[in-house]
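Asks: Fold the following, please.
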Amino acid sequence: MTDKQQQSLDTVKAFYAAKERRDLDATVRLFAEDIVYRFPLNACGDPAPWAVFDGKQATGEYQRGVLTRFSRIHMIDLEYTVSDDGDRVFVTSQGDYVQEDGQRPYHNVYVFRFEIEDRLIRRVDEYANPVTYARLAGLPIG
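Replies: Residues are numbered from 1 along each chain as shown. The predicted structure follows:
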């Protein structure tokens with residue numbers, strides 16, 4: 001593995017570690033100012049992304065919401081693939097979350113595509129089953 005590949009991998013691992021310990025500041029420090037965080041899969045089946053957060057502030061507020069909604073955030077079975085040039089890291093995993101009330105578990109499957117530049121996250125595409133989340137959140141499906 002090249003130095004750049006290792007640095008990109010370390011950035012992504014730091015992202016997951018910061019979220020798991022519920023450290024919003026550490027999470028946001030990993031974001032480039034112009035980060036774009038996308039959810040390409042839509043629960044209604046529409047090909048448009050379900051959500052897009054543009055910029056460090058908007059993405060940080062989204063992450064704050066995640067930390068507020070879940071009392072436990074834990075990713076399991078993480079598998080990492082780093083592109084040859086070290087600019088992209090792909091991650092497959094399963095989420096083992098618990099809602100803020102401590103009562104309801106939330107399990108989903110994920111594929112993440114991270115773009116890394118200068119050890120910062122510039123883009124994230126988070127693919128997860130949107131129906132699983134919509135059911136948890138009481139959002140419309142279809």
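
Asks: residues of stretch 102-111 that come out buried?
Replies: Neighbour counts using 16 or more other CB atoms under 10 Å place 106, 108, 110 of stretch 102-111 among the buried residues. Any C-beta I mention is one placed from the backbone N, CA and C, and that applies to glycine too.

Asks: what would the residues you listed look like in TSV with pLDDT, distance to Ser83 and secondary structure?
Replies: As requested, the buried residues of stretch 102-111 are arranged in TSV below (pLDDT from 0 to 100; distance: CB to CB, whole Å; DSSP: H, G, I helix; E, B strand; the rest coil):
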residue	pLDDT	distance to Ser83	secondary structure
Tyr106	91	30	strand
Asn108	95	25	strand
Tyr110	96	18	strand
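
Asks: Please identify which of these is nearest to Arg119.
Replies: Tyr110 (22.5 Å; CB to CB).

Asks: wait, the closest one sits on Ala128?
Replies: Yes. Counting by CB atoms under 8 Å, Tyr110 sits close enough to Ala128 to count as a contact (4.9 Å).

Asks: quick one: common contacting residues for these two?
Replies: Gly95 (CB atoms under 8 Å, 6 or more residues apart in numbering).

Asks: Sketch out the helices for this structure, chain order is fine.
Replies: Along the chain, counting by DSSP state H, helices occupy 3-20, 24-29, 55-69, 130-137.

Asks: of these, which approaches Glu115 most closely?
Replies: Of the helices of the chain, nearest to Glu115 by CB to CB is helix 3-20, at 9.1 Å.

Asks: what's across from the residue sitting nearest the centre point of the chain in the sheet?
Replies: In the chain, the centroid-proximal residue (CA atoms, centre = their mean) is Glu126; its distance is 5.5 Å. Assessed by DSSP bridges, Glu126 has beta-bridge partners Phe112.

Asks: For it, give me its contacts.
Replies: Glu126 neighbours (CB under 8 Å, 6+ apart): 37-40, 110, 112.

Asks: between the residues you listed, which is nearest Tyr16?
Replies: Phe112 (9.3 Å).

Asks: Please tell me how far that closest one sits from Gln103.
Replies: Distance of Phe112 to Gln103, computed by CB to CB, to the nearest Å: 27 Å.

Asks: ditto for Val36
Replies: Separation of Val36 from Gln103 (CB to CB) stands at 34 Å.
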